[in-house]
Every structure is written in structure tokens, then in C-alpha cells.
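Peer 1: Below are the sequence and a predicted model for it; my questions follow.
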Amino acid sequence: MRVKSPRDPRLDVFRGLCLVMIFINHVPKNLYEDYTSRNFGFSDAAEGFVLMSGIAAGLAYSADFRAPMRLWVGFGRVWKRVWTLYMVHILTTMAALASASAVAVFLHNSEVLFLNQMDEVFSDPLRAFIGLTLLTHQFGYVNILPLYLVLLAVAPLMLMAAWRKPLWLMAGSVLLWAAAGQWHLSLPNYPTPGGWFFNPLTWQVIFITGLLTGVAMKDGRRFVPVKRWLQVLTGGFVLFAAVAAQVPEVSKAMGGTLWLLQDRLGLPWFLTAFEKSYVTAPRLLHILALAYFLSTFPAVRRACGSVFAKPFELLGRQALPVFALGSVLCIAFQGVKHALGDSLALDSALLATGLAAQFALAAARQYWPKPRTS
């Protein structure tokens, strides 16, 4: 009988850390956001969250797609989760709108109602509600779930390819990323012009990298083996990105070099720009280098298994409800800051309250006694 291997704590711990940083970054203009990961590299917590969502999907669903006789079971499990994500997103969207409305009613400040793409609900409500239902219109800070939902919906096809032709899947993913970047391809943003902020045609390369990593972990191996030269290369790149993010002179020199590469040598813009929607090369390379570098050291796994990491592991295990609650709270807290002004005391109180609520929800979901069935 095959013994079930213990759960790797790194996935939940880093997912929990990403949730904390996403929440802090989504309550703008607070002192604490200066210390989140986006200030020490080219990517931020969103890229990390999507990468780990791909790993989690590979671990959770890949076994059903290895053998042909279980394919329909796998499709059913994945699409059931997709439906859950859709319902959570719609509920989160309505709750975010309600939280912004509560600020307008009780604090007499309606500014937040006209931020984060909410104004379309009031200027063109009929089309806006069609867009919200179809996922083509998304409120800012509540728009990661549609990306994950779309990618997970097609994950069964990716998982079948991941077992049989993983390198072909990775190559196709990179080609799609490059094509979408070169020709600015995206999904429609009805009823407003433009495409999705989290563009599935480009962000899929992060998700698929995670998916292939999760499939390999399920099979008891690494997708990219540990090599000393890769550790040095990725560690050096992560260090350079941190220096460039913190030292203006280095950042300016790098920006000038990238501009020259595009203007004089004709490199495609998606290889030289820093554009989040299209996950341009500096951002993509940074999150992949960071993930590889951290995953190659046993000390990181031991640290993630320590008692100090348990709170973040708890958040990561309950990522969906925690993210939904955090998204609603950050919209409300933006409104509170508009009404009451910026101050360290207010920021500290809001963030402490929001994080405490998210930890409480995660603990309730994890430890609340389950009802007995007769």
C-alpha cells in the first residue's frame, strides 16, 4: 500500500504570505506597503499567488488525468471548483459594492464608489451588470479570481498535456505569452474598452509553470532539477532586482539599457517593458527566478514547517475565503481612508483589524467542529 506523503508546508506558507501582502498593498498609501515584496523586485505578490495556485491545481487534480479511465472524474472535480470560484467572485463583487456604499452612507464620502471601475455601475448600470455577470467587467482589487477561474476551466486540457508532453505544453504557453504581448491580445472588457487587467493569455504562463511544477511534485520529482549554476543565476538575478528596486541610480541605468535594446536593437516591447497586465519579461523572469531559488534550499522548507510559520500556513490553507474577505475589506478601508484621511494610527488600526478578521475566518474554517451526519 502506498503511504501518503506529508503535506509540503511551503505552498500554504508562501500562499499565506502572498495574501497578507496583497491585502496590505490593496489599502493604498500606507506605510507598511513599503515593506512588501513588490518593493524588492520586479514582480509582486500577485504573480506569486497565481504561481502557487497553479502548483496547488497540479497537486490536487493531476492524478485524475494520468489514466484515461478517470478523465471524466477529473473534469467533474475541476469544473465543480470553477463553479465555486464563480459564485465566490460574484458574491465578493456584490459585497465590495456594498462595502463602498456603506462608506458613502455612514461616513458621507462617496469617492470610493467612483474608483476601481465601480463608476460604470452608476453611469451605465444595465451594461455593467451584464459585464459583471459575464466576468468581462471587474472591479479593481477583486479581479484575480476571474483570471484563476478561466485558467482552471481549461486546466483539464493542460493536465492531460502535462503528463504526456510537458515540454510541449511549456513551449506552447511561452509562445502564447509572446504572441499576446506582441499584438496586445486579451479578453474583452465589456462594456468598457480595453482588455482584462489580469490578462489570462499572458498570466497563463505563470499558472502553467506552477501546474507543471505541481504535477512533477505529485509524481515525486522536480519539474526543474536543482543545479548549482541555476541557483547562482537565479539568486544573482533576484539580488540584482532587489538592488534595482531600491537604488534609483541602478533602476535608471537599467531602464535606459532596456530602452536602448528596444529602440536600437528592435527587441519586442514585452521583453523590455514593466507591464503587469502582460507579465512582461522582467516581471516574469523575476517571479520564476525567485520561486526556483527559494525552492532549492532545504532550510526554506524547515522554516516553513516551524511554529512561527503556522499563522501563514493557516491563511494559505483557507486561501479562497481569506482572499474574498480581504478583497471586500480593502475596498471598504479605501473608503474609510478617503473619509478620515491618512495617518499611521488609522492605517495600523485598519490593517490590524482586517488581518485579524482574515485569521479568524481561516481559523474558523479550519478548526470549527464539522457537523455530524446521521
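Peer 2: Great, that's in hand. Remember, predicted model here, so these are calculated numbers, not experimental data.
Peer 1: Can you show me the helices along the stretch 1-150 of the chain?
Peer 2: For the stretch 1-150 of the chain, helices defined by DSSP state H, counting those that start in this stretch occupy the ranges 9-25, 45-61, 71-106, 119-123, 125-134, 144-153.
Peer 1: Relative to G255, which of these is closest?
Peer 2: helix 45-61 (20.1 Å; CB to CB). (Each C-beta comes from the backbone N, C-alpha and C, glycine too.)
Peer 1: The closest one: which residues count as buried?
Peer 2: When neighbours are counted by 16 or more other CB atoms under 10 Å, the buried residues of helix 45-61 are found to be 45-59, 61.
Peer 1: quick one: contacts for the nearest residue in space to F14 that is not next to it in sequence?
Peer 2: Among residues not flanking F14 along the chain, M52 sits closest, at 6.1 Å (CB to CB, 6 or more residues apart in numbering). If you count contacts by CB atoms under 8 Å, 6 or more residues apart in numbering, M52 has them with 11, 14-15, 18, 210.
Peer 1: repeat for T202
Peer 2: The contact partners of T202, by CB under 8 Å, 6+ apart, come to 176-177, 180-181, 186, 277-279.
Peer 1: residues in contact with stretch 152-162?
Peer 2: In this structure, residues lying in contact with stretch 152-162 by CB under 8 Å, 6+ apart are 57-58, 61-62, 64-65, 71, 74-75, 78-79, 81-82, 85, 168-169, 208, 211-212, 215.
Peer 1: got it, and stretch 252-259?
Peer 2: Outside stretch 252-259, the residues that touch it by CB under 8 Å, 6+ apart are 244, 272-273, 282.
Peer 1: farthest-separated two in the residues you listed?
Peer 2: In the contacts of stretch 252-259, the most distant members under the criterion CB to CB are A244 and A273, with 14.7 Å between them.
Peer 1: Looking at the two, which has the bigger crowd around it?
Peer 2: When A244 and A273 are compared for neighbours, A244 comes out ahead with 20 against 16, by other CB atoms under 10 Å.
Peer 1: Surely that one and S251 touch.
Peer 2: Yes: the criterion here is CB atoms under 8 Å, and A244 meets it with S251 at 5.0 Å.
Peer 1: related to what we said a few turns ago, any of the contacts of M52 buried? List them.
Peer 2: Restricting the contacts of M52 to buried positions leaves 11, 14-15, 18, 210, with burial counted as 16+ other CB under 10 Å.
Peer 1: any chance of those residues in a markdown table, plus distance to L355 and pLDDT?
Peer 2: Shown next, in a markdown table, are the buried ones among the contacts of M52 (distance: CB to CB, whole Å; pLDDT from 0 to 100):
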| residue | distance to L355 | pLDDT |
| --- | --- | --- |
| L11 | 20 | 94 |
| F14 | 17 | 95 |
| R15 | 15 | 95 |
| C18 | 13 | 96 |
| G210 | 25 | 97 |
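Peer 1: Relative to G266, which of those residues is nearest.
Peer 2: Within these, the smallest distance to G266 is 31.9 Å, found for G210 (CB to CB).
Peer 1: any idea how far V300 is from the residue lying closest to that closest one once chain neighbours are set aside?
Peer 2: Closest residue in space to G210, ignoring its immediate chain neighbours: G54 at 2.4 Å, by CB to CB, 6+ apart. Going from G54 to V300 by CB to CB, to the nearest Å gives 19 Å.
Peer 1: now the closest residue to L17 other than its chain neighbours: how far from V103?
Peer 2: Of all residues beyond its chain neighbours, the one nearest L17 is F312 (5.2 Å), with distances taken as CB to CB, 6+ apart. With the distance defined as CB to CB, F312 ends up 29 Å from V103.
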